[in-house]
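In: coords please:
(chains A and B)
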Amino acid sequence: MAAPEPEAPEAPTATRSRAKDHSPWNWLLFVPIVVPLIPAFFNGDSPRLFGFPRFYWLQLAWILLGVATTTLVYQMTKKKRGER
Amino acid sequence: MWRDHLTEIIVFSLLFLLVSAMGFVAARWRAPKDMGHLDEWGLGGRSFGGWITWFLVGGDLYTAYTFVAVPALMFGAGAAGFFAVPYTIVIYPLVFLVLCRLWSVSHRHGFVTPADFVRRRFDSPILALLIAITGIVATMPYIALQLVGIEAVLKTMGVTGDSAVARHLPIIIAFAILAAYTYQSGLRAPALIAFVKDALIYIVILVAVVYLPYKLGGWGSIFDAADAKFKASPAPNDGILLNGNNQLQYVTLALGSALALFLYPHSITGVLASRNRDVIKRNMSALPAYSLLLGLIALLGYMAIAAGVKPLPGAKAGSVDSNTVVPVLFDQQFPDWFAGVAYAAIGIGALVPAAIMSIAAANLFTRNIYKEYLKRDATPAQEANVSKITSLVVKVGAVACIVFLDPQFSIDLQLIGGVIILQTLPAVALGLYTRWFHRGALIAGWAAGMGLGMWMLYQVANPTTGKKHFAGSAFPLSDFGFDTKRTIYVGIVAVLVNLAVAALLTLVLRAAKVADGADGTTPDDYFADEGDPRVTPGADRDAESAREPVA
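Out: A predicted model of the protein is given here:
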């Protein structure tokens, strides 16, 4: 940016505690990234569910896996009220 | 002929007009004291909460073109088209943390575009310019493709003509209205319209997935009809399941598209407009609702097979326009008035992303070209003005692409767009985590990835349609000398080469002690949240509104 640089940006917040993203819970996020990308799980016809071949219903079910994981990680890493 | 579709046309037009009125009113919605600032026009005041962000980003990522093209792909190729589902599942956990960091650092420094961030982080105007140009070039054809979505609907309603101008007149009018209210209301317009768009889409799809299988003999027979069609076709890689040769392509395409999606300037615009980190994290859990919708929409392609839909003829004699599959299905199966609602959903569905994309492209031009190279002392009001005008230019360009060029050209460009936007991954996404890469190495990696990606896309041919170049993104590995029929997504290969070059050159440049510039951000910037002050007071519109007291 061409805006004139401010004189030495102050860092008043450096000492305050923050919710950093170093929580071990974050590793869980890899599950819904890796699992939906393994065709061996879903690339088949049987069993069918409501007429859907496994290829379709299982991949739609991974959506729930993704939602559950991101929700869990969010809840477990959320800042506690009053901490800051 | 259009007279047979009169009810559809009336319903479509009424809903379209309603939405246009909303677009103009949006300027007063959550109105700021002063609209003459890029934060207000281009980012809605950076104040959107959970619900607005959900509708806005959902309306932004899942575009009209997606709704038309994905079922068309299922109709033509089968299972391979279903990649859209894993693609939109893996994206959210993938960007869960990355986007929060981007939001925080942008909040602290007043960044509006990803290139703003790269400029400050790597202290390199050239790298920022490359990122900005990549973003603009990738976005332009995407806007044009939204018009293809509207056009498929209009064509099905019989609104066509013989001359090029008559055929395109409705689209030109629609885009003129869109351009006018985006100019006036900025990001607030698509945010407000997104409510209507998404509500319509959800209604249409829920009705479709309940009513159509009932009419067509149940889901089992729909899948069986699709299976029978693909078994009878001579093409080697279609079918309702994947085969040994296209699994790698399926997975790499899903992953590559997911990586690319949040590098697109328009998705970043939607994310930066949210109020705080919590809004983003909650949305990463809530946005997959759209993925379910998209999965069901994809299956409309199979319903069209079961219903015996014949797509309308294409622009050239003898060709078919497969994008008309879903509109024709609705026309055949639904009562006229409901088909009109469905068409309006697609038409309005095109307006929301087109507006956000043009705003994002305009912001890139303003911040990273105009302000960097043309007028360094531009005031916030001038920035907002330039962005407004650029958004008009961008839309005129998109319309011109569709009117004067073969729409296929835009489709090809969009294919290229996904590959080239991926090349900004090392600087933007990895840059959020590490300053390890040397700025010169990132530029070289970008160039290598771009070059390789373009060459690979150029090589891809499709014997069934007779296209020799740019016929898809599935690159046959045999072209690299491997003895296999497998294919792989071009973007993944290109970005891996990009990363390898960037990493190697970083080591070389560091060893040679080439100057690397300063990092204008601090580690703490990546965790800042609502209420934290900006570090660049000069960019604030006024002292009290941006510098909230620290709690």
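In: contacts for the helix or strand of chain A with the lowest mean pLDDT next, please.
Out: Within chain A, confidence by mean pLDDT, DSSP states H and E is lowest for helix A:39-42 among all helices and strands, at a mean of 85. With contact meaning CB atoms under 8 Å, 6 or more residues apart in numbering or on different chains, helix A:39-42 is reached by A:35, A:54-55, A:58-59, B:242, B:247, B:250-251. For every residue, glycine as well, the C-beta is placed using N, CA and C.
In: again with stretch B:361-375
Out: A:1-2, B:38, B:42, B:112-113, B:115-116, B:119, B:125, B:128-129, B:131-132, B:135-136, B:139-140, B:143, B:265, B:269, B:378, B:382-383, B:386-388, B:390-391, B:394.
In: what is the neighbour count of the closest residue to chain A within the stretch 251-400 of chain B?
Out: Proximity of the stretch 251-400 of chain B to chain A (CB to the nearest CB) peaks at B:Arg376, 3.8 Å away. B:Arg376 has 12 neighbours, counted by other CB atoms under 10 Å in any protein chain shown.
In: distance from the host helix or strand of B:Val210 to the middle of the chain?
Out: Using DSSP states H and E, B:Val210 sits within helix B:188-216. What separates the centre of helix B:188-216 from the centre of its chain is 19 Å, taken as CA atoms, centre = their mean, to the nearest Å.
In: report pLDDT for B:Gly349.
Out: Per-residue pLDDT puts B:Gly349 at 84.
In: cool, the one 5 residues further on as well?
Out: The predicted local distance difference test score for B:Ala354 is 88.
In: check whether it really touches B:Ile177, as I assumed.
Out: No. Counting by CB atoms under 8 Å, B:Ala354 does not reach B:Ile177; the two are 11.4 Å apart.
In: of the two, which one has the most company?
Out: The neighbour comparison of B:Ala354 against B:Ile177 (other CB under 10 Å) goes to B:Ala354, with 31 against 17.
In: residues near the nearest residue to the more buried one once chain neighbours are set aside, how many?
Out: The shortest distance from B:Ala354 to any non-neighbouring residue, by CB to CB, 6 or more residues apart in numbering or on different chains, is to B:Gln146 (4.3 Å). Neighbour count for B:Gln146, taken as other CB under 10 Å: 30.
In: residues contacting B:Leu147?
Out: B:Leu147 neighbours (CB under 8 Å, 6+ apart): B:171, B:175, B:350, B:354, B:398-399, B:402.
In: apply 6 Å and report the result again.
Out: B:171, B:402 (CB atoms under 6 Å, 6 or more residues apart in numbering or on different chains).
In: helix or strand next in line after the host helix or strand of it, which one?
Out: B:Leu147 belongs to helix B:125-156 when assigned by DSSP H and E. The helix or strand immediately downstream of helix B:125-156 is helix B:164-185, counting by DSSP H and E.
In: elements contacting that following helix?
Out: helix B:6-25, helix B:125-156, helix B:380-404 (3 or more CB pairs under 6 Å, 6 or more residues apart in numbering or on different chains; DSSP states H and E).
In: tabulate those helices (CSV), appending mean pLDDT and distance to B:Tyr458.
Out: Conversion of the helices and strands packed on helix B:164-185 to CSV gives the following (pLDDT from 0 to 100; distance: least, CB to CB, whole Å):
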stretch, mean pLDDT, distance to B:Tyr458
helix B:6-25, 85, 39
helix B:125-156, 86, 16
helix B:380-404, 84, 20
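In: same list, those helices, but as a markdown table with distance to A:Asn26 please.
Out: Converted to a markdown table, the helices and strands packed on helix B:164-185 look like this (distance: least, CB to CB, whole Å):
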| stretch | distance to A:Asn26 |
| --- | --- |
| helix B:6-25 | 39 |
| helix B:125-156 | 27 |
| helix B:380-404 | 36 |
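In: how about the residue of chain A found nearest chain B, what does it touch?
Out: Going by CB to the nearest CB, chain B is nearest to A:Gly51 of chain A, at 3.2 Å. A:Gly51 sits next to B:218-220 when contact means CB under 6 Å, 6+ apart.
In: ranking those by neighbours, who comes first?
Out: Within the contacts of A:Gly51, B:Trp219 tops the neighbour count with 23 neighbours, counted by other CB under 10 Å.
In: if I look at B:Val535, what pLDDT would I see?
Out: On pLDDT, B:Val535 comes in at 69.
In: separation between the residue nearest to B:Thr182 when sequence neighbours are not counted and B:Ala80?
Out: Nearest residue to B:Thr182 in three dimensions, chain neighbours excluded: B:Ala355, at 4.7 Å (CB to CB, 6+ apart). Using CB to CB, to the nearest Å, B:Ala355 is found at 31 Å from B:Ala80.
In: looking at these two, which is more packed in?
Out: Neighbours were counted for B:Ala355 and for B:Ala80 using other CB under 10 Å; B:Ala355 has more, 30 against 20.
In: hang on, the more buried one in a strand?
Out: No. Assignment of B:Ala355 by DSSP: H, G, I helix; E, B strand; the rest coil gives helix, placing it outside any strand.
In: so where's chain A uncertain?
Out: Applying pLDDT under 70 to chain A flags residues A:1-21, A:79-84.
In: appreciated, that's everything.
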